[in-house]
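S.K.: Would you be able to build a 3D model of this:
(one chain, ligands or ions: 1)
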Amino acid sequence: MTARVHDFDMAVVGGGFAGSILAMVGRRLGKSVLLLERHRHPRFVIGESSTPLANLLLEEIALRHDLPRLLPFCKWGTWQQAYPSMACGLKRGFSFYHHGPGGNPWRPDPSRSRELLVAASPSDPIADTHWFRPQLDHFLFNEAAQLGAEAVEEARLDPPQFLPAGVRLSGHAPDGPFTARARWLFDATGPRGYLHQSLALPESIPPHFPATEAVFGHFHGVGRWENVRPPEGTVPFPPDDAALHHVFDEGWTWVLRFNNGLTSAGFARRASRPPHAPPELAWKQWLERCPDIAACFAHATPARPIAHLPRLSFRTTRAAGPSWLMLPVAAGFIDPLLSMGFPLTLLGILRISDALQRGDNPGFDALGKETLGDLDAGFGMVGALYEAMPAFDAFRNLLMLYFASAIWTETARRLGCPGRAPGFLLRHHPAYSDATAECIRLARLRRWPEVRERVGRVLGDFDLAGMGDPSRLHRHGCDAAPLLANAGRIGATPAQMSAMLARSGFVA
Ligand SMILES: Cc1cc2nc3c(=O)[nH]c(=O)nc-3n(C[C@H](O)[C@H](O)[C@H](O)COP(=O)(O)OP(=O)(O)OC[C@H]3O[C@@H](n4cnc5c(N)ncnc54)[C@H](O)[C@@H]3O)c2cc1C
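M.R.: Next comes the predicted model:
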């Protein structure tokens, strides 16, 4: 771009996966799009673990907007076939191991009181993935450019200038200064990003949510947990082919394996006070909390400097104006314990596409409020989980609440009836949201027996997949029987449920 003024329908600031996919959608809707990225791809970025809901939303975006090159990314099997040279990780589900305050080896026990395995898919071909973001984001940025977005890397932007209708952007690109006008500005720059800073907006994390920090990196040579602690009995999936979580009293560790020899690993915990230890030392000290986890990293080497984010979670106070909108992760970021970033982002993109298809007045104010409402639902759930970390049984109970809402939402979408799962985490479903709010309130008071009892009641109405079945002893496979038996809860017949399971590859 040069110094002459360019006019666009949409300016998207931030060329991560969110900005690039939004730019593609904009192009498919016939809009002219400017996509501005501060760095040059490929660049390191964190945020890797997808979920069934994220993949359903990605699929919907790809199908609705004729973006067939996005479709293979929705499943492990199709990704391997279509893009074998792009790294990703196999994610069959969610593995949780409890370590309490730490310091001791992890010990299994017959009642499996210290573990939880939740399958997200019954087989590898239709499994979810961990996205190796340097490659994936690079691919998506190029796709947006291929579809006709004016895609500029190494763009340094000045604050926006708001016009009576639209916005004027100016800054510097490698080929010199530029100025552009756009009807709508979308901020996809992530937490504490472009608009939050330019507009000097305050932060407002919900009062009960703990301040958290994270230390993380990519590592070569990480050993498998299941080699150090082989699971006893039958497991629904190999615990390492998953988002592997180790839960301590004040935080948790994630381990996500890619198929290129790298592993993403880090921890999030209640924030410590400055001065902070150097990240390498903080990581080493954290590993020492459990000799079994340390054994997995005994021969591991960082592929890049270990990073420290002293303030992990974030929520802005205003996510939209007449001509601008923040994407969900620019509006707020919830600790990654439940991998909510991708589904929130993709849901946000679908809402923008709905709004742009409705006509010239996209109604950003309503979208902004919806975005902040979604984030608050996530903060409520993850905040309660932090409270429950020292009481793993309660932690598992609360997770059941989350998984019940996630499976309900996925099932509604797979049935072709997304309206039966209103709002992110069913937050617009009065019965579910009222009951969940009560569970979260009780969790803040640490009244664990009441939490258990209330969660049991919610599951009585919303559990489609048999998560409340105690005979499973905390290992949940993908079992069709409860979905068929509980079809009526979500307004489906067993025949409709059966057809949906076959269509989705869950049963032969
Ligand atoms: C430690 C951690 C772990 C996470 N784990 C998960 C997970 O497992 N699953 C999950 O769903 N989510 C996770 N997330 C959240 C995840 O990172 C986000 O969902 C995801 O990255 C959002 O993508 P994005 O494109 O909106 O933002 P980003 O990936 O942050 O991309 C923003 C882009 O904007 C660019 N940019 C920034 N400022 C400017 C500017 N002023 N001008 C131009 N460009 C700019 C940046 O260079 C970057 O390329 C995690 C986050 C953290 C911090």
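S.K.: how about the longest helix anywhere in the chain: buried residues?
M.R.: Using DSSP state H, we find that the single longest helix of the chain is helix 364-388. For helix 364-388, the neighbour count (16 or more other Cβ atoms under 10 Å) marks 364, 367-368, 370-372, 374-388 as buried. For the C-beta atoms, the positions are set from N, CA and C on the backbone; glycine is no exception.
S.K.: so what does it touch, helix or strand wise?
M.R.: Under the contact criterion of 3 or more Cβ pairs under 8 Å, 6 or more residues apart in numbering; DSSP states H and E, helix 364-388 touches strand 314-315, strand 320-321, strand 324-326, helix 328-331, strand 332-333, helix 341-358, helix 392-414, helix 430-444.
S.K.: Try it again at 6 Å.
M.R.: Judged by 3 or more Cβ pairs under 6 Å, 6 or more residues apart in numbering; DSSP states H and E, the packing partners of helix 364-388 are strand 320-321, helix 392-414, helix 430-444.
S.K.: Excluding chain neighbours, what is closest to residue 334?
M.R.: Spatially, and ignoring its direct neighbours in sequence, residue 334 is nearest to residue 378 (4.2 Å; Cβ to Cβ, 6 or more residues apart in numbering).
S.K.: now residue 172
M.R.: residue 156 (4.5 Å).
S.K.: Next, the one you found: phi, psi?
M.R.: phi -110, psi 120 (degrees, to the nearest 10).
S.K.: Would you confirm that it contacts residue 170?
M.R.: No. In this structure, residue 156 is not within contact of residue 170 by Cβ atoms under 6 Å, at 10.0 Å.
S.K.: neighbour count winner among these two?
M.R.: Set residue 156 next to residue 170 and count neighbours by other Cβ atoms under 10 Å: residue 170 wins out with 16 against 12.
S.K.: now for the longest strand along the chain, which elements pack on it?
M.R.: Identified as the longest strand of the chain according to DSSP state E is strand 176-187. Contact partners of strand 176-187 among helices and strands, from 3+ Cβ pairs under 6 Å, 6+ apart: strand 5-13, strand 166-173, strand 324-326.
S.K.: Quick check: the gap between the residue lying closest to residue 381 once chain neighbours are set aside and residue 236.
M.R.: Leaving aside its sequence neighbours, residue 381 sits nearest to residue 402 (Cβ to Cβ, 6+ apart; 5.6 Å). From residue 402 across to residue 236, the span is 18 Å (Cβ to Cβ, to the nearest Å).
S.K.: And for residue 115?
M.R.: Residue 115 sits 12 Å away from residue 236, going by Cβ to Cβ.
S.K.: just residue 281 next, same as before
M.R.: Taken as Cβ to Cβ, the span from residue 281 to residue 236 is 37 Å.
S.K.: Could you list the contact residues of the chain toward the ligand?
M.R.: 13-19, 36-39, 45-49, 155, 157, 188-190, 193-194, 214, 216, 266, 309, 327, 329, 336, 339, 341-342, 345 (Cβ under 6 Å from any ligand atom).
S.K.: Could you figure out how far the longest helix of the chain is turned away from helix 392-414?
M.R.: With axes from the mean of the first three to the mean of the last three Cα atoms, to 10 degrees defining the directions, helix 364-388 sits at 150 degrees from helix 392-414.
S.K.: give me phi/psi at residue 129?
M.R.: phi -140, psi 160.
S.K.: Spatially nearest residue to it, not counting backbone neighbours?
M.R.: Nearest-residue entry for residue 129: residue 88, 4.4 Å, with adjacent residues in sequence omitted and distances by Cβ to Cβ, 6+ apart.
S.K.: what sits against the one you found?
M.R.: Applying Cβ atoms under 6 Å, 6 or more residues apart in numbering, we find residue 88 in contact with 79, 129, 132.
S.K.: So which of the residues you listed wins on neighbours?
M.R.: residue 129 (27 neighbours).
S.K.: Can you verify my assumption that that residue contacts residue 77?
M.R.: No. Look at residue 129 against residue 77 with Cβ under 6 Å: they stay out of range, at 9.9 Å.
S.K.: For residue 418, grab the count of nearby residues.
M.R.: Other residues close to residue 418 by other Cβ under 10 Å number 15.
S.K.: before we move on, what about residue 476?
M.R.: Count around residue 476 with other Cβ under 10 Å applied: 23.
S.K.: now residue 273
M.R.: 6.
S.K.: ditto for residue 428
M.R.: 15.
S.K.: can you give me phi and psi for the closest residue in space to it that isn't next to it in sequence?
M.R.: Leaving aside its sequence neighbours, residue 428 sits nearest to residue 422 (Cβ to Cβ, 6+ apart; 3.7 Å). For residue 422, the backbone dihedrals (degrees, to the nearest 10) come out as phi -70, psi 120.
S.K.: Could you measure from residue 422 over to the ligand?
M.R.: Relative to the ligand, residue 422 is positioned 21 Å away (Cβ to the nearest ligand atom, to the nearest Å).
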